[in-house]
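[1] model this:
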Amino acid sequence: MNFDYNLENVNNRIADLLTVLQYDTEEVQHFTITERILINQERAAMMDFKNYLFRELDYDKVRFYRVPENIETKIQTILKNVHFKNWQPQNKDYE
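    Below is the predicted model of the structure:
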């Protein structure tokens, strides 16, 4: 899956990944510990790219990582459920 690395897409992806982790914590657990680690690895990679965009990190230091397709499928399913239910996290401290 290709990803268009620009600030809006990176910010949206970081928000989506945080949302699914919060949903997984507060509602129904869908992810294994390993899957949660991989999701957080992608979040960190997206934050690296964002830091590069703001000239806080050199390009050669940016990590590019995307979760495997099976985890991406779970992420997309959970996001659909979150939007359908208009779910909001109870704990806003994650942000």
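[2] Residue ranges in the protein under the pLDDT threshold?
    1, 92-95 (pLDDT under 70).
[3] Relative to residue 52, how far out is residue 10?
    10 Å (Cβ to Cβ, to the nearest Å). Just so you know, the C-beta spots here come from the backbone N, C-alpha and C atoms, and that holds for glycine as well.
[4] Give me the more crowded residue out of the two.
    residue 10 (20 against 17; other Cβ atoms under 10 Å).
[5] Could you pull out the buried residues of stretch 34-48?
    For stretch 34-48, a neighbour-count test (16 or more other Cβ atoms under 10 Å) marks 35, 36, 38, 39, 42, 43, 45, 46, 48 as buried.
[6] scratch that, stretch 79-88
    residue 82.
[7] Point to the residue nearest the middle of the chain.
    Compute the mean C-alpha point of the chain, and by Cα atoms, centre = their mean the closest residue is residue 17, 2.2 Å away.
[8] State the helix or strand in which the residue nearest to it when sequence neighbours are not counted lies.
    In space, residue 17 comes closest to residue 43 once its chain neighbours are excluded; the distance is 4.8 Å by Cβ to Cβ, 6 or more residues apart in numbering. Under the criterion of DSSP states H and E, residue 43 resides in helix 33-53.
[9] what residues does that helix touch?
    Outside helix 33-53, the residues within contact range by Cβ atoms under 8 Å, 6 or more residues apart in numbering are 5, 7, 10-11, 13-14, 17-18, 20-21, 24, 31, 57-59, 61-68, 71, 74-75.
[10] Report the secondary structure state of residue 15.
    helix (DSSP: H, G, I helix; E, B strand; the rest coil).
[11] quick one: it from residue 58, how far?
    Taking Cβ to Cβ, one finds residue 15 at 25 Å from residue 58.
[12] neighbour count winner among these two?
    Taking neighbours as other Cβ under 10 Å, residue 15 and residue 58 compare with residue 15 leading, 12 against 9.
[13] Please look at the residue nearest to the centre of the chain and residue 75 and confirm they touch.
    Yes - counting by Cβ atoms under 8 Å, residue 17 does reach residue 75; the two are 7.2 Å apart.
[14] Fine by me, we can end here.
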